[in-house]
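> Attaching a predicted model along with its sequence, questions to come.
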Amino acid sequence: MFVTRFSDQAAKHWPDQFAYSIIYLPQKGAKVEYPETTTRFGLNHAVVWSYLVRKAEQHGGAVRRFTVAGAAKLFDLDPKTVRSVIGDLVWLNLIERVDFSAYSEIKLLPLTADHLKLFRPMPTGKAAGKVVEPMAKKPRTTITQFKLGGDRWDDCRRACEGQMAQSKAEEIFQMAKRLGESPGDFLDGMNRVKAVYDDRVVAGKVAAGVFGGYLKACYQKRIDVLEEQEREERKREYLSSPEFQEKLAARRKAAEADPTHELFIASDEAIHARVDFGNSPVGSYQALDRITTAVHKQSRAIVATKNLRLQEEIDEIGRLKGKIIKHALGSLNHFYQQPIKATPDEFQQALNAAASNLEPKMPPIFEQAV
């Protein structure tokens, strides 16, 4: 069966936009053999030939005004494909074609045994199906009348009666209550959804007779949004709770003592906790700044060879610099908060070693003590 769709805007129902035709399906492996080449006899051949058969049966054995452009548009094919298919049908002596200025006249030729090999035979045995015995239809079961509950939702039950099973309606009532709706809110919303549902049924976008499932799906979408909002709210409440803040403080304290910790930050304070730059605040700051600036410059030189975009390059420089400092502090962690700390020279040596391990192509950051 072949289906063709027309853009009929006046169609009252979606099936009215389609036309149906029988197709004689091609045999698997069927070919059109020419003296010097071979082409496949495929579905396009079968579609065009089946169409010509139907049209010829309607007009005394011939298609009077056939056009390539018309067939191409009808079957959504390229005109070159249609011309090639018609040429193959003529070569196989399936049709006879007479060209006029604007159209062709096509006549069907008698089928031979070789022609029949191009098409699939009629199915036999189990593939042919079985004859369906006539059976008397039983009366359709009527929908059980809704049982009223004697509460505020009885008007809603009356409105749903005949449109869905009561069990479905009761499920939807619970969902409406979950969303904080009153019976009046439910009835207003149901009427709006019913109008949309009826339009979609006419357009063929949803099946008729499933309004209960459609309404439940609409409520489920709103329930999903509400539950996601509630999860986010619970998450925010937990993150601001004393319990979480206490756990976070404990993790940060553990991170401060361990440069390999995921929360460790290679800050100036973390470096001063392991390296002694002297008692002078200004001198200590200047000495540390010279060291970290040297690490930054060397990291930038390495990253510049990777041809990254500007923001990617900035991010990669910061990542590499922080990694080098963290690894260096890791090797000096036995000095953490001890009376005796590492010297600036020892810190520079640790930075050189960390850079060499992380980036073998990186030259030493410090040739001698600063």
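Sure, I can see it.
> where along the protein do the strands fall?
Remark: strands assigned in the chain by DSSP state E are 2-5, 18-21, 31-33, 38-40, 62-66, 95-99, 104-108.
> Need those strands in TSV (columns: mean neighbour count, distance to Lys361 and mean pLDDT).
From N, CA and C alone the C-beta is placed, and that goes for glycine too. Putting the strands of the chain into TSV (neighbours: other CB atoms under 10 Å; distance: least, CB to CB, whole Å; pLDDT from 0 to 100) gives the following:
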stretch	mean neighbour count	distance to Lys361	mean pLDDT
strand 2-5	12	64	52
strand 18-21	12	68	63
strand 31-33	15	62	91
strand 38-40	12	58	90
strand 62-66	17	73	87
strand 95-99	14	74	89
strand 104-108	17	74	89
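> can you list those strands in TSV and add distance to Ala165?
Shown next, in TSV, are the strands of the chain (distance: least, CB to CB, whole Å):
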stretch	distance to Ala165
strand 2-5	35
strand 18-21	33
strand 31-33	57
strand 38-40	53
strand 62-66	54
strand 95-99	58
strand 104-108	56
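> Pick out the residue closest to the middle of this protein.
In the chain, the C-alpha nearest the mean C-alpha coordinate belongs to Lys221, at 18.2 Å (CA atoms, centre = their mean).
> burial measure for Gln348, as a count.
23 (other CB atoms under 10 Å).
> should've said Pro26
Neighbour count of Pro26, defined by other CB under 10 Å: 19.
> wait, doesn't it sit right on Val47?
No - taking CB atoms under 8 Å as the definition, Pro26 is not a contact partner of Val47, at 9.4 Å.
> ok, Leu111 to Val90 distance?
To Val90, Leu111 is 15 Å away according to CB to CB, to the nearest Å.
> same deal with Arg200?
Arg200 sits 48 Å away from Val90, going by CB to CB.
> still on that earlier bit, okay, the residue nearest to the centre of the chain: pLDDT?
Confidence at Lys221, expressed as pLDDT, is 95.
> Is there a neighbour count for His45? I'd like the number.
24.
> Equivalent analysis for Ala30, please.
Neighbour count for Ala30, taken as other CB under 10 Å: 15.
> how about low-confidence regions in the stretch 1-150 of the chain?
1-20, 122-132, 135-144 (pLDDT under 70).
> Which stretches in it count as helices?
Assigned by DSSP state H, counting those that start in this stretch, the stretch 1-150 of the chain shows helices spanning 43-58, 68-75, 79-91, 113-116.
> List the contacts of the third one.
Counting by CB atoms under 8 Å, 6 or more residues apart in numbering, the neighbours of helix 79-91 from elsewhere in the structure are 32, 34, 39, 41, 44-45, 48-49, 52, 68-69, 71-72, 75, 95-97, 104, 106.
> and Gly42, what are its phi and psi?
Backbone torsions for Gly42, taken as degrees, to the nearest 10, come to phi -110, psi -160.
> where's the residue nearest to it when sequence neighbours are not counted relative to Ile95, distance?
Once flanking residues are discounted, Gly42 sits nearest to Pro26: 5.7 Å by CB to CB, 6 or more residues apart in numbering. Remark: distance between Pro26 and Ile95 (CB to CB) = 16 Å.
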